[in-house]
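K.L.:
I'll drop the sequence and a predicted model, then ask my questions.
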There are 2 protein chains.
Amino acid sequence: MTTPAKKAVVLLSGGLDSTTVLAMAKARGFDPVCLCIAYGQRHAVELERAKKVAASMGVQDVRVVTIDLRAIGGSALTAPMPVPKDRDERTMSSGIPITYVPARNTVFLALALGLAEVVGATDLFIGVNAVDYSGYPDCRPEFIHEFERLANLATKAGVEGARFTVHAPLSGMTKAEIIRAGVALGVDYGLTHSCYDPDPQGRACGHCDSCLLRKRGFAEAGVPDPTPDAT
Amino acid sequence: MTTPAKKAVVLLSGGLDSTTVLAMAKARGFDPVCLCIAYGQRHAVELERAKKVAASMGVQDVRVVTIDLRAIGGSALTAPMPVPKDRDERTMSSGIPITYVPARNTVFLALALGLAEVVGATDLFIGVNAVDYSGYPDCRPEFIHEFERLANLATKAGVEGARFTVHAPLSGMTKAEIIRAGVALGVDYGLTHSCYDPDPQGRACGHCDSCLLRKRGFAEAGVPDPTPDAT
């Protein structure tokens, strides 16, 4: 008799990073429960891609939590502000961009923690990346470690002695390294979506920070860019 | 010229505890921004009461964030499970009740933190109470302290040197003490709602843990119970 795989909650956006993380969680032997969050983002096409990605990896349990962050606002991703386009690398990496969603990863990890309690998991996976997005405070390893501490205090499982682990396997990786790792695990990046500002048909703009970082990642990885709508 | 009051984000449910906290935040000189969270709870009547409570205290800025936690489930408050009725005190205070919503206060504080960033506040108020609800892990002072640490790491403001404070002024108080403090501040408890399982007209059931604790609180405080629908 084989032991059933240990469950893990994987935050899945349908983007390049979280898709790679899902493949990594599976490669480490976990049985993933995917949590997709519809948070009023402009790029809601991500969610459709997330479902396709999960299906392509044979994941059965995909939950979608809808949360309308527009009442909070404060970000170009959820409020009516223009998404920056064609920024050079120096501008992109200086300061916190206006596409930062206030406390987003805290909210997302909190939801993942709630789901983990319900499905009996103590492992959470999140695709934060401190190299390409150094501007987001809630992508830093110290934030992730602090959230683990909080998780142990916040939950019934923690009170009963469970110890939560927040896996952020992309933390020290460049976009090119992430892409190479994903390709090695058989990820089909053609299913994923990265653009912050897609057109009504869901096609990538090719000019926002996320599109630029994605393009550069494929170029640096020496991997053909499978983005169907690449400009 | 007077200095404008410092803003604070107050989590307001429309219940007895958070209403008292709002009065306390005002008494401490803060300009409250209220955050109400519609999380798929059975007792959505709370939200209507929250708006009345805020209006009664002259609060202009009330935000409602809608989040559907039913995709996560796991609690009698959001999933189709019966709400326990007529439990005695010993049963109520032993273990974590099924009305516990997994990671709820982590989610709520994360949302309050996001709003705080947007409105430029570093003070958050939450009506957790470790005396009457000792069964909820995310009502304990150690959880609140840990969240403050996380807030400083999670946010743009924290990175820039701001220090967040999570005020939990009810933490060591009994329900009777809370009611007395609120009455002294002029709170109209007739506007508030506590029941976990109201009827379709929003009337309190009188038998869930929350109704029982509320009744006992008024009795112990020696204050007439103004609940319009008290059974």
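P.N.:
Yep, that arrived. Numbers count the residues shown, from 1 in each chain, chains lettered A, B, ... in the order given.
K.L.:
so what's A:V64 bridging to?
P.N.:
A:C36 (DSSP bridges).
K.L.:
quick one, what contacts it?
P.N.:
A:C36, A:I37, A:A38, A:L47, B:A71 (CB atoms under 8 Å, 6 or more residues apart in numbering or on different chains). Bear in mind the C-beta positions are built from the backbone N, C-alpha and C, glycine included.
K.L.:
which of those sit farthest apart?
P.N.:
A:L47 and B:A71 (12.5 Å; CB to CB).
K.L.:
A:L150 - how many residues pack around it?
P.N.:
27 (other CB atoms under 10 Å in any protein chain shown).
K.L.:
and for A:G172?
P.N.:
11.
K.L.:
ok, then the element right after the helix or strand of chain A with the lowest mean pLDDT?
P.N.:
Lowest by mean pLDDT, DSSP states H and E among the helices and strands of chain A is helix A:89-93, with a mean of 58. Moving toward the C-terminus from helix A:89-93, the next helix or strand (DSSP states H and E) is helix A:104-119.
K.L.:
could you list the residues in contact with the next helix or strand after that following helix?
P.N.:
Sequence order places strand A:123-125 as the next helix or strand after helix A:104-119, per DSSP H and E. For strand A:123-125, the external contacting residues (CB under 8 Å, 6+ apart) are A:6-11, A:21-22, A:24-25, A:30, A:32, A:109, A:112-113, A:116, A:151, A:164-169.
K.L.:
with adjacent residues omitted, what lies nearest to A:T165?
P.N.:
Among residues not flanking A:T165 along the chain, A:D123 sits closest, at 5.2 Å (CB to CB, 6 or more residues apart in numbering or on different chains).
K.L.:
does stretch A:167-184 come close to chain B?
P.N.:
No - using CB under 8 Å from any CB of the partner chain, stretch A:167-184 never reaches chain B; the gap is at least 13.6 Å.
K.L.:
now that stretch: buried residues?
P.N.:
A:167-171, A:173-183 (16 or more other CB atoms under 10 Å in any protein chain shown).
K.L.:
go through these and name the one nearest chain B.
P.N.:
A:A168 (13.6 Å; CB to the nearest CB).
K.L.:
buried ones among the contacts of strand A:123-125?
P.N.:
Burial by neighbour count, judged by 16+ other CB under 10 Å, picks out A:7-11, A:21-22, A:24-25, A:30, A:32, A:109, A:112-113, A:116, A:151, A:164, A:166-169 from the contacts of strand A:123-125.
K.L.:
elements contacting the helix or strand hosting A:V9?
P.N.:
Assigned by DSSP H and E, A:V9 belongs to strand A:7-11. Helices and strands touching strand A:7-11, as assessed by 3 or more CB pairs under 8 Å, 6 or more residues apart in numbering or on different chains; DSSP states H and E, comprise helix A:16-27, strand A:31-38, helix A:104-119, strand A:123-125.
K.L.:
quick one: the residue nearest to A:T165 from B:V159, how far?
P.N.:
A:D123 is 27 Å from B:V159, where distance means CB to CB, to the nearest Å.
K.L.:
out of the contacts of A:V64, which is nearest to B:C208?
P.N.:
When these are compared against B:C208 (criterion: CB to CB), the nearest one is B:A71, at 24.1 Å.
K.L.:
count of neighbours near the spatially closest residue to A:L12 that is not a sequence neighbour?
P.N.:
Nearest non-adjacent residue to A:L12, counting by CB to CB, 6+ apart: A:C34, 4.3 Å away. Per other CB under 10 Å, the neighbour tally for A:C34 reads 27.
K.L.:
the buried residues of stretch A:167-184 in helices, which ones?
P.N.:
Applying DSSP state H to the buried residues of stretch A:167-184, the entries found in helices are A:K175, A:A176, A:E177, A:I178, A:I179, A:R180, A:A181, A:G182, A:V183.
K.L.:
now, among those residues, which is nearest to B:D61?
P.N.:
Nearest to B:D61 among these, counting by CB to CB, is A:K175 at 39.6 Å.
K.L.:
now do the same contact list for the residue nearest to the closest one when sequence neighbours are not counted.
P.N.:
Nearest non-adjacent residue to A:K175, counting by CB to CB, 6+ apart: A:G217, 3.1 Å away. Shown in contact with A:G217 (CB under 8 Å, 6+ apart): A:L16, A:D132, A:T174, A:K175, A:A176, A:I178, A:I179.
K.L.:
if I read this right, the fourth one contacts A:L213, doesn't it?
P.N.:
Yes - shown here, A:K175 and A:L213 form a contact pair, counting by CB atoms under 8 Å, at 5.6 Å.
K.L.:
residue contacts, A:V10?
P.N.:
By CB under 8 Å, 6+ apart, the contact set of A:V10 is A:S18, A:V21, A:L22, A:A25, A:F30, A:P32, A:V33, A:C34, A:L35, A:L124, A:F125.
K.L.:
and A:A27, by the same measure?
P.N.:
Here A:A27 is in contact with A:L185 (CB under 8 Å, 6+ apart).
K.L.:
now swap in A:R214 and tell me
P.N.:
Here A:R214 is in contact with A:L16, A:K175, A:S194, A:D225, A:T227 (CB under 8 Å, 6+ apart).
K.L.:
which helix or strand contains the third one?
P.N.:
Read it as A:S194. Counting by DSSP H and E, A:S194 is part of no helix or strand.
K.L.:
number of nearby residues for it?
P.N.:
A:S194 has 27 nearby residues by other CB under 10 Å.
K.L.:
what bridges to the residue nearest to A:H145 when sequence neighbours are not counted?
P.N.:
Counting by CB to CB, 6+ apart, the nearest residue to A:H145 once its immediate chain neighbours are dropped is A:V166, at 7.9 Å. Beta-bridge partners of A:V166, counted by DSSP bridges, are A:L124.
K.L.:
from memory A:G120 sits against A:K6, does it?
P.N.:
No - at 9.4 Å, A:G120 does not count as touching A:K6 under the criterion of CB under 8 Å.
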